[in-house]
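Student: my questions concern the predicted model and sequence given below.
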Amino acid sequence: MLTVHAADLLITGDRRPPVPGGAVLVEGREIAAVGRYEELVAAHPTARVRRWPGLLTPGLVNVHGPELLERAYHPDPREADELGTEPIAGAALAALAMTDARWGASARRGVQRMLAHGTVAVAGSLWRPGAVDAVYRAGLTVEERFEDPPGPPTLDPLAGRSLAEAILLPFPPDGVRGIDATFAVFDVSDEAVLAERGAVSCVATVVKGRLVYRRR
């Protein structure tokens, strides 16, 4: 099935200029074409169309993979009154009775929160089976990390980084096939507003052709 994902502005992730009214044509798990919405729809009139507000960009890498998925606990919503909603680390984490099952559930919730920030990959080696399984099932990739990232761990892959630094891979140029359809959409008007608001503005994340997150 062909699906066109369209937004107000498309960022290619490389030196090509932004595309007003840009769109990505997805076939299965791969990108079939990138260009203007009108041109893609005219060439593929039977394609399903998903229209999104704001900025469509390649997917992002969160450099704090181990810190967020193996060294922090993401509370269950039912624990919010007692533990809050933010990741718990350090001394507060040490006070919790953590089991393998609890680590696995935490990692699954952590991955879902990452997807809600446009994250499609994490950097850093993972060793806890629950974290590895959660990342694999979501379709995220694990990238090498050669040094510890600066700053405190954060779910926002744009915290302290530019969009260009956070992008996993740019959209392919014309004629290139075989690239995974992996990207995100942010409800902002341009890169400057995205830098100001951060990845919390994410409204949709697509991984290998699957819509894995959509803001309700």
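Tutor: Nice, I can see it. Numbering: from 1, shown residues only.

Student: tell me what Ile31 is bridged to.
Tutor: Val26 (DSSP bridges).

Student: ok, which stretches of the chain are strands?
Tutor: Taking DSSP state E as the criterion, the chain carries its strands at 2-6, 9-10, 19-20, 22-27, 30-36, 48-51, 55-58, 60-62, 119-123, 141-143, 183-186, 202-207, 210-214.

Student: just the mean pLDDT for the fifth one, thanks.
Tutor: Per-residue pLDDT over strand 30-36 has a mean of 97.

Student: can you check the second one too?
Tutor: For strand 9-10, mean pLDDT is 98.

Student: packing partners of that strand?
Tutor: Here strand 9-10 touches strand 19-20, strand 22-27, strand 55-58, going by 3 or more Cβ pairs under 8 Å, 6 or more residues apart in numbering; DSSP states H and E. All C-beta spots, glycine's among them, are computed from the backbone N, C-alpha and C.

Student: and the helices in the protein?
Tutor: Under the criterion DSSP state H, the chain carries helices at the ranges 37-43, 65-69, 80-83, 90-94, 100-115, 129-138, 163-166, 191-197.

Student: ok, which of these comes nearest Leu155?
Tutor: helix 100-115 (5.5 Å; Cβ to Cβ).

Student: let's see the closest one as PDB, backbone CA atoms only.
Tutor: Provided in PDB are the C-alpha atoms of helix 100-115 (Å, rounded to 0.1, in the frame of the first residue of the first chain):
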ATOM      1  CA  ASP A 100      13.700  -7.800  35.800                       C
ATOM      2  CA  ALA A 101       9.900  -7.600  35.100                       C
ATOM      3  CA  ARG A 102       9.800  -4.100  36.500                       C
ATOM      4  CA  TRP A 103      12.800  -3.000  34.500                       C
ATOM      5  CA  GLY A 104      11.200  -4.500  31.300                       C
ATOM      6  CA  ALA A 105       7.900  -2.600  31.900                       C
ATOM      7  CA  SER A 106       9.900   0.600  32.600                       C
ATOM      8  CA  ALA A 107      11.800   0.200  29.400                       C
ATOM      9  CA  ARG A 108       8.600  -0.300  27.300                       C
ATOM     10  CA  ARG A 109       7.200   2.900  28.800                       C
ATOM     11  CA  GLY A 110      10.400   4.700  28.200                       C
ATOM     12  CA  VAL A 111      10.500   3.700  24.600                       C
ATOM     13  CA  GLN A 112       6.900   4.900  24.100                       C
ATOM     14  CA  ARG A 113       7.900   8.300  25.600                       C
ATOM     15  CA  MET A 114      10.900   8.400  23.300                       C
ATOM     16  CA  LEU A 115       8.600   7.800  20.300                       C
END
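
Student: perfect, I'm done here.
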